[in-house]
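Undergrad: sequence and predicted structure below; questions after.
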Amino acid sequence: MSDKVKTIEDSAFSSCTSINTVDYPVSITSDKSTIFTGCTSLRTINIIGTGSMRNYATGEQPWKTIKSQITTVTIGDNVKSIGSYS
């Protein structure tokens with residue numbers, strides 16, 4: 001995803017079994033906890049962009065439904081901070 005993305009709709013990538021890596025920009029200000037539900041091959045999340053990631057309430061993280069399968073998270077050089085409960 002581009003670091004210009006601001007919004008991801010509910011279930012946007014739901015059941016996309018061919019996704020194994022996602023570049024997740026800190027610019028996103030609106031997303032849902034179900035956007036990656038059923039993405040059974042997703043293992044890597046790269047936090048990209050410039051600035052700080054927003055804070056999340058417990059249980060509303062976009063990777064909530066797949067967190068047990070994530071093996072790698074990288075944080076880009078220009079990311080100042082990741083949000084609470086990320």
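TA: Structure's in. What do you need? Residues are numbered from 1 along each chain as shown.

Undergrad: secondary structure class for the residue nearest the centre of the chain?
TA: Centroid-nearest residue in the chain, with Cα atoms, centre = their mean: Tyr24, separated by 4.8 Å. Three-state call for Tyr24 (DSSP: H, G, I helix; E, B strand; the rest coil): strand.

Undergrad: what sits against it?
TA: Listed by Cβ atoms under 8 Å, 6 or more residues apart in numbering, the contact set of Tyr24 reads Met1, Ile45, Asn46, Ile47, Ile48, Pro62. C-beta coordinates here come from the backbone N, C-alpha and C atoms, glycine included.

Undergrad: any stretches of this protein with poor pLDDT?
TA: Scanning the chain for pLDDT under 70 picks out nothing.

Undergrad: picking that back up, the residue nearest to the centre of the chain bridge partners, please.
TA: Ile47 (DSSP bridges).

Undergrad: what's the distance between it and Cys16?
TA: As judged by Cβ to Cβ, to the nearest Å, Tyr24 and Cys16 stand 14 Å apart.

Undergrad: distance check, the residue nearest to Gly49 when sequence neighbours are not counted against Pro62.
TA: Using Cβ to Cβ, 6 or more residues apart in numbering and skipping residues adjacent in sequence, the residue nearest Gly49 is Asp3, 3.7 Å away. According to Cβ to Cβ, Asp3 and Pro62 sit 16 Å apart.

Undergrad: likewise for Thr72?
TA: From Thr72 to Pro62 the distance is 16 Å (Cβ to Cβ).

Undergrad: these two - which one has more neighbours?
TA: Pro62 (22 against 9; other Cβ atoms under 10 Å).

Undergrad: just checking, that one touches Thr37?
TA: No - using Cβ atoms under 8 Å, Pro62 makes no contact with Thr37, being 9.9 Å away.

Undergrad: could you write out the alpha-carbon coordinates of stretch 29-46 in CSV?
TA: Extracted in CSV, the C-alpha atoms of stretch 29-46 (Å, rounded to 0.1, in the frame of the first residue of the first chain):
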residue,chain,number,x,y,z
THR,A,29,-6.3,6.9,10.1
SER,A,30,-9.3,4.6,9.5
ASP,A,31,-9.3,0.9,9.3
LYS,A,32,-11.1,-2.1,10.8
SER,A,33,-10.0,-5.2,12.8
THR,A,34,-11.3,-7.5,10.0
ILE,A,35,-9.4,-6.2,7.0
PHE,A,36,-7.0,-9.2,6.9
THR,A,37,-9.5,-11.9,8.1
GLY,A,38,-8.8,-15.2,6.2
CYS,A,39,-5.4,-14.0,4.8
THR,A,40,-3.9,-17.4,5.7
SER,A,41,-0.6,-16.8,4.0
LEU,A,42,0.1,-13.4,5.6
ARG,A,43,3.3,-13.7,7.7
THR,A,44,5.1,-10.3,7.4
ILE,A,45,3.9,-6.8,8.1
ASN,A,46,6.2,-3.8,7.2
